[in-house]
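Asks: Give the three-dimensional model of this entry:
(chains A and B)
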Amino acid sequence: MKEKIGRVVKVSGPLVVAEDIPQAEMYEMVYVSDKKLFGEIIEIKGNRSSIQVYEDTSGVGPGEPVYTTGQPLSVELGPGLIGSIYDGVQRPLDKLLKKYGDFVVRGAYEPALDRSKKWLFNPVVHKGDLLKTGDVIGEVQETPVIMHRILVPVGIEGKITDIIEKKEVTVEDVVAKIETTQGIKEVKLYQQWPVRIARPVLKRLPPDAPLITGQRVIDAFFPIAKGGTACVPGPFGSGKTVIQHQLSKWSDADIIIFIGCGERGNEMTDVLMEFPELTDPRTGRPLMERTILIANTSNMPVAAREASVFTGITMGEYYRDMGYNVALMADSTSRWAEAMREMSGRLEEMPGEEGYPAYLASRIASFYERAGRVVILGSKEKQATLSVIGAVSPPGGDLSDPVVQSTLRTVRVFWSLDAQLAYARHFPSIHWLRSYSLYADMLSDFYKKEMGEEWIDMRQEAMRILRRESELQEMVRLVGIDALSPKDRLIMETSRSIREDFLQQNAFMDIDTYTSLKKQYRMMRLIHLFHKLSMEALNKGVSLDKIISLPVRVDISRAKLIPENEMEKFDAVEKEIHNSFDNLVKEVQNV
Amino acid sequence: MSKEYVTAREISGPLLVVDHIEGAKYNEIVRIKAADGSIKNGQVLEVDGDRALIQVFEGTSGLNLGQTKIRFLGRGVEVGLSPSILGRIFDGSGRPIDGGPSVIPDKQKDINGNPMNPYARDYPSEFIQTGISAIDGLNTLVRGQKLPIFSGSGLPHAQIAAQIARQAKVLGKEEKFAVVFVAMGITFEEANFFISDFRKTGALERSVMFVNLANSPVIERIAAPRFGLTAAEYLAFDLGMHVLVILTDMTNYCEALREISAARKEVPGRRGYPGYMYTDLATMYERAGRIKGKKGSITQIPILTMPEDDKTHPIVDLTGYITEGQIFLSRNLFQQAIYPPIDVLPSLSRLKDKGIGEGKTREDHPDVLNQLFAAYARGREVRELAVVLGESALTKTDLIFVRFADEFEQKFVKQGEYENRSIEETLDIGWELLSMLPVSELKRVRPQFIKKYLSKYTKEENVKDVA
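Replies: Down below sits the predicted model:
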């Protein structure tokens, strides 16, 4: 493969310019110098090609060779991805550690999928069957929860001429042969796919079900659909990463892909150490058995950071093509955009806003557009989804940042994180007035079916109270709390209860970190009931102070600590609320 | 062996362009001999054909075109390391300036290092007691963390850093401990404060200092922290020591970076700082941490002075996005004579959750922390309201919160420069303050802890209500 050689003429950080690369193609993968530093051609001018190199280029100089591969930057797709941790260009970090030690050295290479590991392949088709692209040939139990379906690779269609029996094979063994119009093609357990090209689907569909996350503010107010897109912008310290971690831990997707893109090394370690310990509430198995991690921390080469989101989403599409619901988290897309900016600067391209390249918006859009609910290829026409949630880290938390603005034009859910809420340790610090979800209406049928008709009303009522609170707060600031009518003060109290007893959720407390829809409904109903009865009591002449000092309010505030399997405790609290108000009203009537 | 070139073509700021060279490599080190015979060091920033762009560490003064001799050394910038670096003081290029002999190296290391494999990292979870309540109680520091101090000019960040260096310890353990101190563009007086403080407390023998003063060459500021961190990696991962790295002042570092970027005529990013500043800072900050199976650790405390106390300034902002939290100093508290003037609300330690609680500090710590934060935040909010409306407009509960906020600043945050509080003392002060509040307001604390700890400070029947 590597007989074709070009020559380095210029080195400037991660950008290397080479001359006379034979048949250089855009986005072709090349190896620079005898150190075999791995890079990608990103610009061709005459006989000069600009190469972005995914490793540190110290010690490289003019005259050194550049080896071509004739292939675009691709990832390996096959069994063994789940539970792995890769860098931005799909090098397995665990294997690099064994081979090269605690630090990532240059030119380090290991194949993404273990070549010696044996997988038990179980064929599901027979010799002579006619198969289309995307049809399942056989299955491999990748982890106890994930059945890896071996698909007919894209572009291949025809009659099976050969298929092996159920037996243990490595990823490189041929498991089937298919007779196509272009001759006989071999199928192995793994295939390759260029990361910058979206894997094809049969048809795209609008989303119809929410991605249940167990996070109250998200599920109840700003839901994301399965196959949807969301972004979480916020200044540092506002809890972006915790939200991303919570979603990857608890959302009800089959497969989670977590991309640590230019972020902190210790955060990746946190994920790595925690996920094997945590169990998935639905399967009871360790979360790591459904997770793929991509870690390109901020100190790792910047060009590989640029590639990392594409590496991740390609893997996501691959599992989607097996019929799974996949959720992908990218933390943070700002670092990805900055990597683009850095490369663009070194290419001396004309800068757009804030020095970002002019193609920033289209690049961001092309990434998020790879999400969706789709009918996958194959004769069975099955449905699957790929949801994408991207964190954005705007400088100074300024939402006019070009990365935020370009992202908002593409995504449908906006969780706006607020520094003031974070300072007050209101977590998750998703601001209820500034955030939105364009899926809320689309999903209301689902919620009506799952949680009852009244849920939608309760939710709207809660939003109304929260909105009213912010108006009243303005007023309080001007004239003081005494100027408010008892009813308005009640609204302030209820609103505080919604904020503190419902929206706030402690990610680090075992019992509070995940709330089922059912419990969310019961919690909301308590607050709703208390508010309704308070209004009635006020109308009957009960004083507000008496209502506020009812001891049952403590029970409401502690409702989040009621375990999922003791839902009957909610009945007791509701009964107590009714009793408290009966007594208050009786007192007034007796006087 | 290697050729000497006299083909310098252009000198601009700290940069030198040399023509007609052969075989220069990116990032390699060059030795430059000026017309008067003085020797300077430089590094290749870019090679384009037969032309190289070199940044000169000691500055370009005294260089001319024609007589300047340039030799390419074929290796990156390296530092010679041995256990005898402890107790020594070096300049920003790693040369001893304490009058002692040069170091006989056991090991040569490239100062840029390699990125730590995220898979090799061990999660920082060992609580470091700094003896400062606002840090230990609310923004807990753990081993392997990078926790910057965001300060402003005139604020006592140096005292706080010195106090941490003096008092920091891991509970119940006696281990090899070292301090690496890197000064970048600070004044002689400030550097001297650290040196004499370290000398006074005996910390100097277990310290390594890299000092680049305000009047030292700007370009050395870029190399100084890398020398320091390479030394820290050696002490931590080769010698198994726990290393605390103090980097001061990162603002000067970033300005040096901007100076070079401007000299190279690069497209500037925000406020003239180069677009790659995030990546550049990350390659330093990310060198903090622990490695699985290795004894040592690197904990970083970078100090930066926020220009005009502006926390949206790119230096502050980018640092905050890389580090695991931050300690904010407040001018307002400083003016009220509160030392340390730590504003706990915007301060944050991201790694605290794994370093506190049962078995680490005390079981009630997480709850107390959340409650103190929430109560202080509410107190501050109401206090601001009272400024507008007058105290008479506040409810009875609100007034209690205002008093709480005042007391919190005076009793919890404020302490002496030489006062070393244990974590128990810190938490007990927390409980004492929380006892001012009605028990029904203590929503963040689990009832069993209210019962166990609050009873010391409040009447029995109040606590009974909770259960």
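
Asks: Pull the contacting residues for B:Met184.
Replies: B:Met184 sits next to B:Gly92, B:Asn212, B:Arg221, B:Ala224, B:Pro225, B:Leu247, B:Thr248, B:Asp249, B:Met250, B:Asn252, B:Tyr253, B:Ala256 when contact means Cβ atoms under 8 Å, 6 or more residues apart in numbering or on different chains. In short, each C-beta sits where N, CA and C put it, glycine included.

Asks: so how far is B:Ser261 from the third one?
Replies: The one in question is B:Arg221. Look at B:Arg221 and B:Ser261: by Cβ to Cβ, to the nearest Å, they are 13 Å apart.

Asks: Give me the more crowded residue out of these two.
Replies: For B:Arg221 versus B:Ser261, neighbours defined as other Cβ atoms under 10 Å in any protein chain shown are more numerous around B:Arg221 (27 against 20).

Asks: Tell me which helix or strand comes right after the helix or strand that one falls within.
Replies: Element membership of B:Arg221 [criterion: DSSP states H and E] is helix B:220-233. Per DSSP H and E, the first helix or strand lying C-terminal to helix B:220-233 is strand B:242-248.

Asks: List the residue ranges of the chain that fall below the pLDDT cut-off.
Replies: No chain in the question, so chain A it is. Counting by pLDDT under 70, the low-confidence segments of chain A come to A:1-4.

Asks: actually chain B
Replies: Scanning chain B residue by residue, the ranges that satisfy pLDDT under 70 are B:1, B:459-467.

Asks: Kindly recompute the last result at 50.
Replies: Along chain B, the parts satisfying pLDDT under 50 run over B:467.

Asks: most centrally placed residue in it?
Replies: Centroid check for chain B by Cα atoms, centre = their mean gives B:Pro302 as the closest residue, at 1.5 Å.

Asks: all helices in chain B, in order from the N-terminus.
Replies: If you assign secondary structure with DSSP state H, the helices in chain B sit at B:133, B:157-167, B:188-200, B:220-233, B:250-263, B:277-285, B:314-322, B:331-335, B:352-355, B:365-389, B:396-407, B:423-434, B:447-449, B:460-466.

Asks: With distance to A:Lys203 added, can I get those in CSV?
Replies: Output for these, formatted as CSV (distance: least, Cβ to Cβ, whole Å):
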stretch, distance to A:Lys203
helix B:133, 61
helix B:157-167, 60
helix B:188-200, 67
helix B:220-233, 54
helix B:250-263, 49
helix B:277-285, 41
helix B:314-322, 40
helix B:331-335, 60
helix B:352-355, 45
helix B:365-389, 49
helix B:396-407, 58
helix B:423-434, 59
helix B:447-449, 55
helix B:460-466, 58
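
Asks: Compare these and give me the one nearest A:Ser416.
Replies: Minimum separation from A:Ser416 across the helices of chain B (Cβ to Cβ) falls at helix B:314-322, 17.7 Å.

Asks: any idea how far A:Asp34 is from B:Arg75?
Replies: In terms of Cβ to Cβ, B:Arg75 sits 17 Å off from A:Asp34.

Asks: Could you do B:Asn41 as well?
Replies: For B:Asn41, the distance to A:Asp34 equals 27 Å [Cβ to Cβ].

Asks: who's in contact with the closest residue to B:Val182 other than its chain neighbours?
Replies: What sits nearest to B:Val182 in space, not counting adjacent residues and going by Cβ to Cβ, 6 or more residues apart in numbering or on different chains, is B:Gly228, at 3.7 Å. Neighbouring residues of B:Gly228 by Cβ under 8 Å, 6+ apart: B:Val180, B:Phe181, B:Val182, B:Val208, B:Phe210, B:Val245, B:Leu247.

Asks: do B:Thr130 as well
Replies: If a contact means Cβ under 8 Å, 6+ apart, then B:Thr130 has B:Asp136, B:Leu141, B:Gln163, B:Ile164, B:Gln167, B:Ala168 as its contacts.

Asks: Which of the residues you listed lies at the shortest distance from A:Leu96?
Replies: Nearest to A:Leu96 among the contacts of B:Thr130 is B:Leu141, at 30.4 Å by Cβ to Cβ.

Asks: Run through the bridge partners of the closest one.
Replies: Listed beta-bridge partners, B:Leu141: B:Ile128 (assigned using DSSP bridges).

Asks: I'd assumed B:Glu126 was in contact with it.
Replies: No. Look at B:Leu141 against B:Glu126 with Cβ atoms under 8 Å: they stay out of range, at 9.9 Å.

Asks: in what helix or strand does A:Leu120 lie?
Replies: With DSSP H and E as the test, A:Leu120 turns up in strand A:119-123.

Asks: Which strands border the following helix or strand past that strand, and is each parallel or antiparallel?
Replies: Stepping forward along the backbone from strand A:119-123, the first helix or strand reached (DSSP H and E) is strand A:130-131. On the basis of DSSP bridges, the sheet neighbours of strand A:130-131 come out as strand A:158-163 (antiparallel).

Asks: give me the number of residues near residue 290?
Replies: Went with chain A since none was named. 28.

Asks: nope, chain B please
Replies: Burial of B:Arg290 is recorded as 28 neighbouring residues (other Cβ under 10 Å).
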